[in-house]
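Participant: need a 3D model of the following:
(one chain, ligands or ions: 1)
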Amino acid sequence: MTQDQLKRAVAEAALAYVEKDEVLGVGTGSTANFFIDALASIKQHIPAAVASSKATAERLQKLGIEVVDLNSVDNISVYVDGADEVNPYLHMVKGGGGALTREKIVAAVAKKFVCIADASKQVPVLGQFPLPIEVIPMARSYVARELVKLGGTPVYRQGFVTDNGNVILDTYHLSIVNPVALELTLNQIVGVVTNGLFAQRGADVLLIGSSDGVKTYLKP
Ligand SMILES: O=C[C@H](O)[C@H](O)[C@H](O)COP(=O)(O)O
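Facilitator: Purely as a prediction, here's the structure:
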C-alpha cells in the first residue's frame, strides 16, 4: 500500500470516534485532509466543527460542515489530527505544517485526542523530525540563541508565516528523552508562542495505518 492509502485507511477508521451531534475538533495536514474528506459520509451528524487552521476551515466549509470559533463553544468531544512523530507514550511532535499553536489550543479543549498516522510516524524516541517552534518575529534571533544553549540547531523556516502572523524555527538535535520536561522548558523561553511537543497533553488514542491494517493504541 502507498503512504496515501495508509493515511486514507487510518482517516476512515477515525470516523468511529466521531461523536454524533457533538462539536468536533479537526486537525491540519495531509492525514487530517483524508479525515475531512471521509467526514462527507457522516456530515449530517456533525452540528459544527472547530478547525485548527485556515486551510482546514476552508476544506470543512467546502464540504458543507459549519466551522465555528472556539470561543463560541464550551467543549469539544473529540479532536482528530495527524502527527510528525509519535512515541509509545502517545507523546507527539507536531507542526510540520506550521499549525501547531492552534492545534495545541483545540487539543487542550477536547475531551479526547485521536491521533491518526501512517506507520512511518511511529518512533521509539522523539527527535528525528526537527521540532517546530512558533516564535514572535522580533524574538527570532534571541530564541534561536537560547535553543542553541539547549543543544538545539534551529533553522528559520524561510518564507513561512503562521496563521497567527509568527515565524517557525525548525529545531534539530534536541535531546527529547523527557518530552514533558522539554515541552515545559521550551515554553519558558520569552518569545516562544508554542513548541511542537504535545506531551503534557498527548493523544488518548493512536490509530496507525500499516500494511497489516489499522492498529489501535491507547495511552498507557
Ligand atoms: O502543522 C501540522 C500538523 O501538526 C500535522 O498534523 C503534522 O505535520 C502531520 O502532517 P501530515 O499528516 O501531513 O504528515
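Participant: any bit of the longest strand seen in the chain sitting next to the ligand?
Facilitator: In the chain, taking DSSP state E as the definition, the longest strand is strand 110-118. No: counting by Cβ under 6 Å from any ligand atom, no contacts exist between strand 110-118 and the ligand, the nearest distance being 6.9 Å. (Each C-beta comes from the backbone N, C-alpha and C, glycine too.)
Participant: around the ligand, pick out the residues from this protein.
Facilitator: Counting by Cβ under 6 Å from any ligand atom, the chain sits next to the ligand at 27-32, 81-84, 94-100, 103.
Participant: which of these count as buried?
Facilitator: 27-29, 31-32, 81-84, 94-100, 103 (16 or more other Cβ atoms under 10 Å).
Participant: contacts only, for the residue positioned nearest the centre of the chain.
Facilitator: The structure's the chain has its C-alpha centroid closest to K94; by Cα atoms, centre = their mean the separation is 4.7 Å. Applying Cβ atoms under 8 Å, 6 or more residues apart in numbering, we find K94 in contact with D81, G82, A83, D84, L100, E103, K104, P132, G196, F198.
Participant: residues near K62, how many?
Facilitator: Neighbourhood size, K62 [other Cβ atoms under 10 Å]: 9.
Participant: going forward can the numbers begin at 50, since that is how I track them
Facilitator: With 50 as the first residue, the last one maps to K111.
Participant: ramachandran coordinates for it?
Facilitator: Dihedral pair for K111: phi -60, psi -30, per degrees, to the nearest 10.
Participant: I'd like to know how far it sits from D86.
Facilitator: In this view, K111 and D86 are 10 Å apart by Cβ to Cβ, to the nearest Å.
Participant: average pLDDT for stretch 79-99, rounded please.
Facilitator: The average pLDDT within stretch 79-99 is 97.
Participant: list the buried residues in that stretch.
Facilitator: Judged by neighbour count using 16+ other Cβ under 10 Å, the buried positions of stretch 79-99 are T80, A81, N82, F83, F84, I85, A87, L88, I95, A97, A98, V99.
Participant: same deal with stretch 185-193?
Facilitator: Buried residues in stretch 185-193 (16+ other Cβ under 10 Å): I185, A188, R189, V192, A193.
Participant: swap in stretch 212-223?
Facilitator: Quick answer for stretch 212-223 (16+ other Cβ under 10 Å): D212, N215, V216, I217, L218, D219, T220, L223.
Participant: return the distance of stretch 255-269 from the chain's centre.
Facilitator: Centroid separation between stretch 255-269 and its chain, computed with Cα atoms, centre = their mean, to the nearest Å, is 17 Å.
Participant: tell me how far the ends of that stretch are from each other?
Facilitator: 11 Å (Cα to Cα, to the nearest Å).
Participant: what comes into contact with that stretch?
Facilitator: By Cβ under 8 Å, 6+ apart, the list of residues contacting stretch 255-269 reads 50, 54-59, 62-63, 135, 137-139, 163-168, 170-171, 251-254.
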